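> got a sequence here, can you build the structure:
(chains A and B)
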Amino acid sequence: DAKTTQPPSMDCAEGRAANLPCNHSTISGNEYVYWYRQIHSQGPQYIIHGLKNNETNEMASLIITEDRKSSTLILPHATLRDTAVYYCIVKNNNAGNMLTFGGGTRLMVKP
Amino acid sequence: DSGVTQTPKHLITATGQRVTLRCSPRSGDLSVYWYQQSLDQGLQFLIQYYNGEERAKGNILERFSAQQFPDLHSELNLSSLELGDSALYFCASSVGGAIGDEQYFGPGTRLTVT
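Numbering: from 1, shown residues only, chains lettered A, B, ... in the order given. Okay, the predicted model is just below:
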């Protein structure tokens, strides 16, 4: 699976959009981009995933660049409960379903 | 609440001992995954079972073993425990074994080895 690079930490004001970047310059054509988050020491929570096209669900939007070498997770109106570590994972869905977690980005939403 | 349950929540034991962690997947999910989260190693995949059969293996030590029972619950057995085995152990489940299934994580078992 391709390696990902994320900033170790970010701050965001409550009510504003949180934009979390992820670089995955070695991604190959059949690899998906997944985002999970972990609030404090709870179990990780699935957020969203995509292959090429931008995706949106009730939690977030995922913007993948045309060359697929980077992506951005957008939380449109961050709340204090969105404070968590966000993991960007690139996964080859033909090579099993296990997740390989990196260091993630610690997002702090401030009042 | 993800629907995945893990017991116990906390476990404190001594070096050299053996413990069993239990996981019940979401209703209808056939796959169970085990992950270990320690301060120095982060979140690491250990092993996956699908419908009772081992499907994939990660960085699981030989002292650790797992199984999935006919009712689909899973147990992770850790033996000859060392201080370095202290960690959070998460179980996750997904509908199938495959490809792209999103995983739902349980609340974890915090193991402390003294």
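
> which residues are in contact with residue 69?
Picking chain A for this. By CB atoms under 8 Å, 6 or more residues apart in numbering or on different chains, residue A:69 lies in contact with A:23, A:24, A:25, A:27. Glycine gets a C-beta too; all of them are placed from N, C-alpha and C.

> ah, no, chain B please
Contacts of residue B:69 by CB under 8 Å, 6+ apart are B:52, B:75.

> rerun at 10 Å
Each residue near residue B:69 by CB atoms under 10 Å, 6 or more residues apart in numbering or on different chains is listed here: B:22, B:49, B:52, B:75.

> what packs against the helix or strand harbouring the first one?
Looking back up the chat, that one is residue B:22. Element membership of residue B:22, judged by DSSP states H and E, is strand B:19-24. Helices and strands touching strand B:19-24, by 3 or more CB pairs under 10 Å, 6 or more residues apart in numbering or on different chains; DSSP states H and E, are strand B:5-7, strand B:10-13, strand B:31-38, strand B:64-68, strand B:74-78, strand B:87-94, strand B:109-113.

> dump the ones you listed into CSV; add mean neighbour count and mean pLDDT as well.
Converted to CSV, the helices and strands packed on strand B:19-24 look like this (neighbours: other CB atoms under 10 Å in any protein chain shown; pLDDT from 0 to 100):
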stretch, mean neighbour count, mean pLDDT
strand B:5-7, 16, 98
strand B:10-13, 14, 97
strand B:31-38, 24, 95
strand B:64-68, 19, 97
strand B:74-78, 20, 98
strand B:87-94, 25, 96
strand B:109-113, 18, 97
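
> give me every residue in chain A lying close to chain B.
A:32, A:34, A:36, A:38, A:41-49, A:51, A:85, A:87, A:91-104 (CB under 10 Å from any CB of the partner chain).
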